[in-house]
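K.L.:
Quick one, fold the following:
(2 chains)
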Amino acid sequence: MLSATDLVIDIPERKSGTPLCFDVKSGEIWGILGPNGAGKTTLLHTLAGLKKPRSGKVNLNNSDIQQLRRKHVAQQLAVVFQNNGEGFPATVLETAMIGRHPFISPWDIETADDLAIARSALQKLELSNLEQRLVSTLSGGERQRLAIATALCQSPKLWLADEPSNHLDLKHQVQIMALLAEQADSGCGIILCLHDLNLAAHWCDKILLLYPNGDACWGDADTMLTVTALERLYDQELSMISSEGQTYFMPVSSRNSRRD
Amino acid sequence: MAVVKTNNATSALPRFLTPLLLLFIFTLGALILAITTGSVHISNQELWQVLSGGGEPLHRTLVFELRLPRALSAFAAGGLLAVAGALMQVLLRNPLADPYVLGLSGGAAVGALIAMLSGLSATVVSGSAFIGAMISAVTVFGLAHGTGSWTPTRLLLTGVVIASGWGAAITFMLAVSPSDQLPGMLYWLMGDLAYARSPWMALTVLAIISVVMLPLGRSLNVLARGQMQAAALGVSVRPLEWTIYICASLLTAFAVTTAGSIGFVGLIVPHMLRLVLGNDQRLILPAAALAGGALLTLADTLARTVIAPEQLPAGVITALIGVPSFLYLLHRSR
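P.N.:
Sure, this is the predicted structure:
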């Protein structure tokens, strides 16, 4: 669905980087991991066609995403941004409704169907009772869920989400990841920037590790998520815990390493 | 108990039509008031006779040659400013933006004052104001574009700095002007419709740009969520921003040319409407055209009647009406 060919993202003052070549297939969840400033967001924006790559190409269904009309791209691909605070006053329902924008022609107005789609998206994210509230009055977690509801209204084939679990409490983290997994099961391709290794280990099929110097490697989640690779990635000592068939990563800090 | 769901709109159209219809009636009322009030009162019956081709010759002259052109000019200028303000606020995503924030009125004022100082006719003053406004718009846009990226903050800062530059030039010109010319210049700076004669150009521009903006309304709603989000939702952000900028500049230039730099209409009318009608630009833009127009028509009627036979600049009245009513609405809002 979405593929990168010899892709080098454009980060000022970074001389080079591993050219990225991968293909996000229908039903796959990809996790992009890396420390602060490694370029996860830039990569996500480049994959979404919002930023020009330094070299190489991003293809959406085999056509260069930079050549496609933005509206056509928006009908296939939704982006969940990290900061949703910017913008003019608008209500929760209005904000969700703009997800329908790519599907309505300039001279038309939203139909009852569009409204129904927006309402059901809000319901799915437990925002129905906030419909008429101004976005500026929402909490961080509620805004994050609203951003996901807006993307859901776009009924995308591809999701590109920048830290979708940001600001969310544990219940809603699980709920959002389950929703994304459900989208993947119904045939979507999903790419997430994540900071939480355990969410990545639990939910992602494929992992891409992005190093601050531009190096990158990618592959199946179980081969990529090893303590040695992750310790090098974050420059942080880690310990791995297995419990009930699942793997958990914990940073080792001076406080809990007092045992020796 | 059955709960009536007013918001169950199967389409947004009825939701738009009611407020627009009310504003239209309000506008008509304002225009009729402007035409009938003055040194010679014209009753509604007499107005009807005049409009249907009869009536006294004095009334005919008053209506067709003085009051109607002036009322329509006020309507056009108010509408232009309110729409320009609404557009600038979305473009810069800044509630403090108004049509003059990018220095357009300053440029226009410098143009107008130079023409006045040279003792040129009213028509030349208007033309010169228009040229000044456009020079300012192009300068701000060119400088803000620069070599780097074009962000709302950068555009805003460039505009504010250019505006204060114009401000200095205006103060300088006022300081060196002969005192017999000062009142005319000050009236122009405060916004005055006494010299407005032909409203048709301004009305045509208002109509054309309203039609151009009609299909862009929903894209503006999306742009109001931020540039990145808009791009992700399929809006061609840069061309849209250019269109808004050019339209808002033209609107402001024509308004300033018609009525001088009238303050507050462009800032306050869009806000008032948002407080009452919500944030849908498809409703706000046409509503701003009507409400801004009606407000300035009323303000101008007051301006030429309160201390008759003397006249006040309409800009003083817009501020006097606008400020308390805006503060009241803001105080009452959530």
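
K.L.:
from here on, contacts and neighbour counts on C-alpha atoms
P.N.:
Noted.

K.L.:
residues contacting A:Thr5?
P.N.:
Contact analysis of A:Thr5 by CA atoms under 8 Å, 6 or more residues apart in numbering or on different chains lists A:19-22, A:56-59.

K.L.:
Could you look up the SS state of it?
P.N.:
When classified by DSSP: H, G, I helix; E, B strand; the rest coil, A:Thr5 comes out as strand.

K.L.:
Bridged to the closest residue to A:His202 other than its chain neighbours, which residues?
P.N.:
Excluding its sequence neighbours, the residue lying closest to A:His202 (CA to CA, 6 or more residues apart in numbering or on different chains) is A:Gln246, at 7.4 Å. Under DSSP bridges, the beta-bridge partners of A:Gln246 are A:Ser243.

K.L.:
Any idea how many residues pack against A:Gln246?
P.N.:
Neighbourhood size, A:Gln246 [other CA atoms under 10 Å in any protein chain shown]: 10.

K.L.:
Which of the three states applies to B:Leu240?
P.N.:
When the rule is three-state DSSP, B:Leu240 gets the label helix.

K.L.:
any idea how far chain A is from it?
P.N.:
Look at B:Leu240 and chain A: by CA to the nearest CA, to the nearest Å, they are 13 Å apart.

K.L.:
Next one: that residue from B:Ala137, what distance?
P.N.:
Here B:Leu240 is placed at a distance of 17 Å from B:Ala137 (CA to CA, to the nearest Å).

K.L.:
Settle it for me: which of the two has more neighbours?
P.N.:
Per other CA under 10 Å, whichever of B:Leu240 and B:Ala137 has more neighbours is B:Ala137, with 25 against 16.

K.L.:
so that one touches B:Leu250, yeah?
P.N.:
No - B:Ala137 lies out of contact with B:Leu250 (CA atoms under 8 Å); the separation is 9.1 Å.

K.L.:
residues contacting residue 101?
P.N.:
If you meant another chain, say so; for now it's chain A. If you count contacts by CA under 8 Å, 6+ apart, A:His101 has them with B:218-219, B:222, B:233-234.

K.L.:
not quite, I wanted chain B
P.N.:
Residues near B:Val101 by CA under 8 Å, 6+ apart: B:156, B:159-160, B:163.

K.L.:
go again using 10 Å as the cut-off
P.N.:
B:85, B:88-89, B:155-163, B:267 (CA atoms under 10 Å, 6 or more residues apart in numbering or on different chains).

K.L.:
can you check B:Ser126 too?
P.N.:
B:Ser126 neighbours (CA under 10 Å, 6+ apart): B:108-109, B:111-112, B:115-116, B:132, B:195-196, B:253-254, B:256-260.

K.L.:
how about 7 Å then?
P.N.:
B:112, B:257 (CA atoms under 7 Å, 6 or more residues apart in numbering or on different chains).

K.L.:
Spatially central residue in chain B, please.
P.N.:
Centroid check for chain B by CA atoms, centre = their mean gives B:Leu81 as the closest residue, at 1.4 Å.

K.L.:
ok, that residue touching B:Ala255?
P.N.:
Yes - at 6.3 Å, B:Leu81 counts as touching B:Ala255 under the criterion of CA atoms under 7 Å.
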